[in-house]
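Asks: Give me coordinates for this.
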Amino acid sequence: MGRKAVDITTKRTIILLRASGMSQHEISRKLNISRNCIYQTIKKFNKLHTVATKPGAGRRSKLTDRQERAIKLQQVCDDTLSLNDLIRYVQTSFNITVSRRTNRIYIRRFRNDLKRFKWSQPRVHKGGSVGIWSYQTCHGLGPIVFYDGSLNSDKYIDILDQHLPTAYEKFLPQSPRKILLQQDNARPHVSIKTRKYFKKKKINPIPWPANSADLNLIENIWSILDDKLLKYNINNTDQLKTALKMAWMEISHDTI
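Replies: Residues are numbered from 1 along each chain as shown. Below is the predicted model of the structure:
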């Protein structure tokens, strides 16, 4: 009998531990997993920015993509439909005979289809919330920073003081172009205290007109991050933070 496959949750833990600075040998001892498995997981993540297993080709589907979507739509419209009801629907609509086992596979596939949330139900998370901050440059994304409660001027200045110098260090001193800081008009961003901080540090943010279109580039990153969270089962703030860290590391430089 072969070795038991490592589940995706453990693989995510491997990536997080590696990102925290642990060596592959230390991770292997901590999780009681072979070093070869640790190496292969990290190698795959560095190459593909995901730890998900690529599905095999398998047997050719009996239904077309359009027919599968039609079955999904029937389930969305009426959750009370039984297997026999769906089998009769397929036979009547497509003139195709589908067994109970095959139809059960389509139902299971639909329930695991993350995109169904977009059209069938709102996403509600009652386990608490966290505030996040980061930055985006042509050199890549900055670290994801968590803060508790509402963001005020003191928290914002503290975050900038810790992380903004690192962002500026990524640009060459002899760079011919001026480095510009872009932010919106959120209250902590434009408060008197924050403006005094910018003046002291000789930082000149790009002027941002009131009631302007939402053209901040990082809004695209937040949208991508939100979509990636759909594949995680989140029940509390600790799981939310873990999912955010994993999803953040999955965003490739090509995407940025």
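Asks: where do the helices sit along the stretch 101-250 of the chain?
Replies: For the stretch 101-250 of the chain, the helices defined by DSSP state H, counting those that start in this stretch cover 116-120, 153-169, 187-190, 192-201, 218-228, 237-250.
Asks: who wins for proximity to residue 47 among these?
Replies: Nearest to residue 47 among these is helix 237-250 (12.2 Å), distances taken as Cβ to Cβ. To be clear about C-beta, it is placed using only N, CA and C from the backbone, and glycine gets the same treatment.
Asks: Show me what counts as buried in that closest one.
Replies: Neighbour-count burial for helix 237-250 flags 240, 242-250 (criterion: 16 or more other Cβ atoms under 10 Å).
Asks: what residue ranges in this protein score low on pLDDT?
Replies: Applying pLDDT under 70 to the chain picks out residues 1-4, 53-63, 72-83, 98-128, 174-177, 212-214.
Asks: domains of it?
Replies: Using the TED database, the domains assigned to the chain come out as 8-48, 65-117, 131-255.
Asks: winner for burial among the helices of the stretch 101-250 of the chain?
Replies: Mean neighbour count, computed with mean count of other Cβ atoms under 10 Å, is highest for helix 237-250 among those, reaching a mean of 17.
Asks: what angle do it and helix 218-228 make?
Replies: Inter-element angle recorded for helix 237-250 and helix 218-228: 120 degrees (by axes from the mean of the first three to the mean of the last three Cα atoms, to 10 degrees).
Asks: Could you tell me which other helices and strands helix 237-250 packs against?
Replies: On a contact count with 3 or more Cβ pairs under 8 Å, 6 or more residues apart in numbering; DSSP states H and E, helix 237-250 meets helix 8-19, helix 218-228.
Asks: now for the shortest one, which elements pack on it?
Replies: It stands for helix 218-228. The contact analysis (3+ Cβ pairs under 8 Å, 6+ apart) places helix 218-228 against helix 237-250.
Asks: from the domains of the chain, which stretch is densest packed?
Replies: Highest mean neighbour count of the domains of the chain: domain 8-48, a mean of 15 (counted as mean count of other Cβ under 10 Å).
Asks: End to end on that domain, go ahead and measure it.
Replies: Taking Cα to Cα, to the nearest Å, domain 8-48 runs 15 Å from one end to the other.
Asks: Figure out how far that domain is from the centre of its chain.
Replies: How far domain 8-48 lies from its chain's middle: 19 Å, per Cα atoms, centre = their mean, to the nearest Å.
Asks: Which stretches in the stretch 51-200 of the chain count as strands?
Replies: Per DSSP state E, counting those that start in this stretch, the stretch 51-200 of the chain carries strands over the ranges 131-133, 136-137, 140-141, 145-147.
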